[in-house]
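task: produce atomic coordinates for the following.
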Amino acid sequence: MNTEILVRLAVATLLGAVIGFEREKHGRPAGLRTHILVALGSCLIMLISIYGFPGVTARDPARLAAQVVSGIGFLGAGTILRDGPSIRGLTTAASLWVVAGIGLACGTGFYLGAAVTTVVAFLVLVLLDDLERKFIAFTTARIRAEVADEPGTLTAFTQIFTDHGISIKRIHMEIDGENKKAHIYLQIRGHNIIKEKIIEEISLLPGIFSVKWN
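The predicted model follows:
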């Protein structure tokens, strides 16, 4: 039994590392170590459910596993970040949830299910992002703007992109306190972006000094 426990913990660690490596490579909030620990911890909890109460006949191994499934949501929520009007980290939160399931599967010795799930999850993370860019007509652009450093200016500026269904992937702002200006740098992504219309709408906003579209 001791050998089987060690094998299950080792497999959970390995499979968690596969998905964690992909997230680490892309600089996500939860990377290699986090995914390994989630898989390893959930595997251990499953092992405790199965082997941790010797002599007890009336036990439910699924009870602790159910707590892992619900509890992993709190860890996943910590990886979801608000970046201006955009949300980042949903995919990483989902990968943590999947890794928790992989760990539970390893804890029960369900290696086939754990391995297949790991392969599919890895392929989804690695390949689908490239396929989206290739087959879905996304347009990306970088925008630099000089605006007045006044309350509500940034909100009105970003709201234009939201109104057009454009996602702001990155946003950075530098404040020039001496001249009461703010320099805004955006990376946007969306469908059917009409550059001229958006620039025209931005130019009509109060407090906009210049807009450059790259």
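
figure out how far stretch 18-33 is from the centre of its chain.
Mean-position distance between stretch 18-33 and its chain equals 10 Å (Cα atoms, centre = their mean, to the nearest Å).

try stretch 36-46
20 Å.

quick one: contacts of that stretch?
8-9, 12-13, 15-17, 20, 61, 64-65, 67-68, 72, 75, 96, 99-104, 106-108 (Cβ atoms under 8 Å, 6 or more residues apart in numbering). No exception for glycine: its C-beta is placed from N, CA and C like everyone else's.

same check on stretch 96-116?
4, 8-9, 11-12, 15-16, 19-20, 30, 34-35, 38-47, 49-50, 61, 65, 68-69, 72-73, 75-76, 79, 117-118, 121.

any buried residues in that stretch, and which?
96-109, 114-115 (16 or more other Cβ atoms under 10 Å).

picking that back up, now, the contacts of stretch 96-116 that are in helices?
Of the contacts of stretch 96-116, the ones assigned to helices by DSSP state H are 4, 8-9, 11-12, 15-16, 19-20, 34-35, 38-47, 49-50, 65, 68-69, 72-73, 75-76, 117-118, 121.

any chance of a ChimeraX selection covering the buried ones in the contacts of stretch 96-116?
Remark: buried members of the contacts of stretch 96-116, expressed as a ChimeraX selection using 16+ other Cβ under 10 Å:
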select :8,9,11,12,15,16,19,20,30,34,35,38,39,40,41,42,43,44,45,46,47,49,50,61,65,68,72,75,76,79,117,118,121
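
and which of the buried residues of stretch 96-116 is nearest to Ala156?
Leu96 (35.8 Å; Cβ to Cβ).

secondary structure element holding the closest one?
Assigned by DSSP states H and E, Leu96 belongs to helix 90-108.

what mean pLDDT does that helix get?
Averaging pLDDT along helix 90-108 yields 85.

tell me the domain boundaries of this protein?
What automatic domain parsing lists as the domains of the chain is 2-134, 138-213.

can you list contacts of stretch 193-201?
Contacts for stretch 193-201 (Cβ under 8 Å, 6+ apart): Thr139, Ala141, Ile160, Phe161, His164, Ile166, Val211, Trp213.

the last one contacts Ile143, doesn't it?
Yes. Counting by Cβ atoms under 8 Å, a contact exists between Trp213 and Ile143, whose distance comes to 5.6 Å.

the two: which has the busier surroundings?
Ile143 (21 against 16; other Cβ atoms under 10 Å).
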